[in-house]
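K.L.:
Would you be able to build a 3D model of this:
(chains A and B)
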Amino acid sequence: MNTVVDVARVSVTLDGRSILDDVSLRLATGEAVSLLGANGSGKSTLVRAIVGLVPLRAGSVSLFGAPLPRFRQWQRIGYVPQRVTAASGVPATVREVVAAGRLSHHRPFGRFGRADRAAIDAALETVGLAPLREASVARLSGGQQQRVLIARALAGRPDLLILDEPMSGLDDATQQATTEALRDLVTGGTSLLLVLHDLGYLDELIDRCVVLHGGRAAEATGRHESSAEHPHETVAPPHESVSLPATSFGLTSSPLDVQARR
Amino acid sequence: MSYLALPFIQKALIAAVLVGLAAPAVGTYLVQRRLALMGDGLGHVALTGVALGFLLGTSPVLTAVIVAALGATVVELVRAQGKASGDVALAMLFYGGIAGGVLLISLEPGGNTNLLIYLFGSILTVTTEDLYVIAALAGGVLLVAIGLRRQLFSVCQDEEFARVSGLPVQLLNIILAVTAALTVTVAMRVVGLLLVSALLVVPVAAAQQLTRGFAATMAMAMAIGVLVTVGGVVMSYPIDVGPGALIVVLAIAVFGLTSLLAVLRGRLRPAPA
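P.N.:
Okay, the predicted model is just below:
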């Protein structure tokens, strides 16, 4: 099975403060992995490092087998940042913001064609915003704006979808609908990397959880036994690989079992 | 209305249409990024360029274009490095530009009264050669503002997402900054450096009272831009006032009108969720 994301012993320092320390993580094609951890544990910084938004102090990141500095296939990645708003200084319609998700498929001065329009419409349908496509994003509720950002990432038809707290601000019904949409994507072969506060409805969808604690990671193969509520279990020993064997957590399944189930 | 057949009025009208289209097109991106005062800062830097042109005995427009474009690039690089926030970088532009301009002009023996043309605009003295320069610059500005609209929209709307889309964000930011600098130097002949930013920003502010989308805002801002620049030229001659200031006053009047319409529309039917 191909590796979609390979984070190898990554450390990140921001403003002189160590945020991530020797973190490793792998994501295989079609896998759904959740990053869990308390506030300030480095979850968002890790996904931002994976997409190249924060510089690495040490270690390396590869996407689809290419080292990050040489990675060019950005159309294969959909990114949903953690955001409070999708609005900016000038009004923009839902459709205009979602259309930005198609730019990774285009050269400058390129024209949008039928495939672009179809992808934009499909993404709007998926998040249930099709009736609001011509509405101004600034007028939408926080949860609707979050769905606009998800649709923007979906419009690029990515092979890997990275979502940073996608469920924050969403009501119950929308969380369920979003979960269904993500399940369809995983069934279709899309890999998922989600930063989550708690698993919630996504519980059944997630293959594996990686728990961050104080900038260090522990990889668990099951999803129920590893949680932020047991931080003492999740701290990796210093200067060792953080990809711990499943038995460390008292789990019975190994990473291979998880992948074999798929 | 027979004065409209006068050659200098016709040249002024052509310049008015070009500037009326170009300035709000670029201004839309500046407002989107909440850098509405960027045009002002660039206008101040262009003053240094104008003064340099007088001092060297070359075309002040040419030196203004070069100095403003350089200033815009430096500010964009400083902002991208995170060494100074956007507003501090703009403050440096304001003070450095004015001080540099005044300093250079005081170096010139006998002072220079032509400077007033650039400070307050003088669209009625536009020559045929000026028109060629304005047309070329406005054409370039519109090519960037419209041709790269999707890319520039993405960068101005969400810079980090644009980066993850694989867009050359830094390059696009510099292109936008340089385009804004070109616009300022084009528009300075029309409304003057002191009011140039108004032509970039006020039509956009007026348009967005009534629009929901980005493309619609840009199109309407350009329409308002042409309306007020042409209106200013046409009205200034019979009532014998400076067209530059009249254009800006007209733009603000349109803003007042669209704001009023927006309020009335809001009263008549509740805003959609």
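
K.L.:
Now residue A:162: which helix or strand?
P.N.:
Per DSSP states H and E: residue A:162 is located in strand A:160-164.

K.L.:
What does the residue lying farthest from the centre of chain A show for phi and psi?
P.N.:
Note on chain A: the largest C-alpha distance from the chain mean falls to residue A:109, namely 29.6 Å (Cα atoms, centre = their mean). Residue A:109 adopts backbone torsions of phi 70, psi 10, taken as degrees, to the nearest 10.

K.L.:
What segments of the chain are helices?
P.N.:
Since no chain was named, I'll use chain A. For chain A, the helices defined by DSSP state H cover A:43-50, A:94-99, A:114-126, A:142-155, A:172-187, A:231-234, A:255-261.

K.L.:
I was thinking of chain B, sorry if that wasn't clear
P.N.:
Here chain B has its helices, by DSSP H, at B:7-32, B:38-56, B:60-81, B:86-107, B:115-120, B:128-147, B:149-157, B:159-164, B:169-191, B:196-207, B:214-239, B:243-268.

K.L.:
Excluding chain neighbours, what is closest to residue B:21?
P.N.:
Using Cβ to Cβ, 6 or more residues apart in numbering or on different chains and skipping the chain neighbours, the partner closest in space to residue B:21 is residue B:222 (5.2 Å). All C-beta spots, glycine's among them, are computed from the backbone N, C-alpha and C.

K.L.:
and the one you found, how many neighbours does it have?
P.N.:
24 (other Cβ atoms under 10 Å in any protein chain shown).

K.L.:
Could you list the contact residues of the stretch 101-250 of chain A toward chain B?
P.N.:
Within the stretch 101-250 of chain A, the positions lying close to chain B (Cβ under 8 Å from any Cβ of the partner chain) are A:101, A:103-104, A:106, A:108-109, A:112, A:134-136, A:139-141, A:152, A:156.

K.L.:
again, only this time at 6 Å
P.N.:
Residues of the stretch 101-250 of chain A lying close to chain B by Cβ under 6 Å from any Cβ of the partner chain are A:103, A:104, A:108, A:109, A:135, A:136.

K.L.:
From residue B:21, how far off is the residue of the stretch 51-200 of chain B found nearest chain A?
P.N.:
Ranked by Cβ to the nearest Cβ, the top residue of the stretch 51-200 of chain B for proximity to chain A is residue B:166, at 3.0 Å. Per Cβ to Cβ, to the nearest Å, residue B:166 is found 31 Å from residue B:21.

K.L.:
neighbour-wise, which of the two wins?
P.N.:
residue B:21 (21 against 18).

K.L.:
Give me the pLDDT for that one.
P.N.:
Listed pLDDT for residue B:21 reads 96.

K.L.:
Surely it is in contact with residue B:221?
P.N.:
No - taking contacts as Cβ atoms under 6 Å, residue B:21 lies outside contact range of residue B:221: 9.8 Å.

K.L.:
Tell me how many other residues surround the closest residue in space to residue B:68 that isn't next to it in sequence.
P.N.:
Leaving aside its sequence neighbours, residue B:68 sits nearest to residue B:181 (Cβ to Cβ, 6+ apart; 3.8 Å). Residues contacting residue B:181 under the criterion other Cβ under 10 Å number 31.

K.L.:
worst-scoring helix or strand of chain A, pLDDT-wise?
P.N.:
helix A:255-261 (a mean of 34; mean pLDDT, DSSP states H and E).

K.L.:
The strand holding residue A:162: how far from the chain's middle?
P.N.:
Distance of strand A:160-164 from its chain centroid, counting by Cα atoms, centre = their mean, to the nearest Å, is 2 Å.

K.L.:
Give the residue spans of the chain that score low on pLDDT.
P.N.:
Unless you meant another one, I'm taking chain A. Residue ranges of chain A with pLDDT under 70: A:1, A:84, A:219-262.

K.L.:
try chain B instead
P.N.:
The low-confidence ranges in chain B, as defined by pLDDT under 70, are B:82-86, B:110-113, B:269-273.

K.L.:
Close to chain A: what parts of it are there?
P.N.:
Contact residues, chain B versus chain A (Cβ under 6 Å from any Cβ): B:28, B:31-32, B:34, B:147-148, B:150-151, B:154, B:157, B:160, B:164-166, B:208, B:211-214, B:217, B:272.

K.L.:
ok, and for stretch B:44-59, which residues are buried?
P.N.:
By neighbour count with 16 or more other Cβ atoms under 10 Å in any protein chain shown, stretch B:44-59 contains the buried residues B:44, B:45, B:46, B:47, B:48, B:49, B:50, B:51, B:52, B:53, B:54.

K.L.:
Chain neighbours aside, what residue packs nearest to the residue in chain A that chain B sits nearest to?
P.N.:
Ranking the residues of chain A by distance to chain B (Cβ to the nearest Cβ) places residue A:74 first, at 3.0 Å. In this structure, residue A:74 finds its nearest non-sequential neighbour in residue B:166, 3.0 Å apart by Cβ to Cβ, 6+ apart.
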